[in-house]
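A.B. asks: below: sequence and its predicted model.
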Amino acid sequence: MQILKIHAEPMAKHGDIDYEAVVKLSDGFNGADLRNVCTEAGLFAIRAERDYVLQDDFMKAVRKVGENKALESKLDYQKV
């Protein structure tokens with residue numbers, strides 16, 4: 001949870017962010033994945049034409065990064 005807080009610290013936030021709920025959904029994520037969650041949360045805020053992130057942005061972001069990680073693990077690389 002500390003790594004997520006470090007990455008989210010410089011972000012403008014509106015309301016309380018429940019980092020524990022985000023961390024529960026990010027089981028198995030490394031530091032880079034948590035950074036990606038923060039980046040995606042920022043992108044969700046930008047798409048909604050806001051200059052701050054909400055709890056909902058973090059929840060959508062952690063789900064999106066989790067889905068992408070699941071797809072990565074299913075890739076089957078062939079020897080060239």
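C.D. replies: Yep, it's here.

A.B. asks: use CA for all of it now, contacts and neighbours both
C.D. replies: Noted.

A.B. asks: need the longest helix for this protein.
C.D. replies: Longest helix in the chain, counting residues (DSSP state H): helix 55-74.

A.B. asks: pLDDT weak spots in the protein?
C.D. replies: 75, 77 (pLDDT under 70).

A.B. asks: name the residues of stretch 21-36 that are buried.
C.D. replies: By neighbour count, with 16 or more other C-alpha atoms under 10 Å as the criterion, the buried positions of stretch 21-36 are 22, 23, 26, 29, 33, 34, 35, 36.

A.B. asks: got the contact list for it?
C.D. replies: By C-alpha atoms under 8 Å, 6 or more residues apart in numbering, the residues outside stretch 21-36 that reach it are 1, 3, 4, 7, 58, 59, 62, 63, 65, 66.

A.B. asks: residue contacts, the closest residue to the fifth one other than its chain neighbours?
C.D. replies: Okay, so that is residue 58. Setting aside the residues directly before and after it, residue 58 is nearest to residue 41 in space (C-alpha to C-alpha, 6 or more residues apart in numbering), at 5.0 Å. Taking C-alpha under 8 Å, 6+ apart, we find residue 41 in contact with 53, 57, 58, 59, 60, 61.

A.B. asks: neighbour-wise, which of these leads?
C.D. replies: Highest neighbour count within the contacts of residue 41, by other C-alpha atoms under 10 Å: residue 58, with 25 neighbours.

A.B. asks: touching, it and residue 45? I think so.
C.D. replies: No. Counting by C-alpha atoms under 8 Å, residue 58 stays clear of residue 45, with 9.6 Å between them.

A.B. asks: what is the longest helix of the chain packed up against?
C.D. replies: Other helices and strands packing on helix 55-74, by 3 or more C-alpha pairs under 8 Å, 6 or more residues apart in numbering; DSSP states H and E, are helix 19-25, helix 31-47.

A.B. asks: what are the buried residues along that helix?
C.D. replies: Across helix 55-74, burial judged by 16+ other C-alpha under 10 Å covers 55, 57, 58, 59, 60, 61, 62, 64, 65, 66.

A.B. asks: hmm, who's touching that helix?
C.D. replies: Identification of contacts with helix 55-74 by C-alpha under 8 Å, 6+ apart yields 15-18, 22, 25-26, 33, 36-38, 40-42, 44-45.
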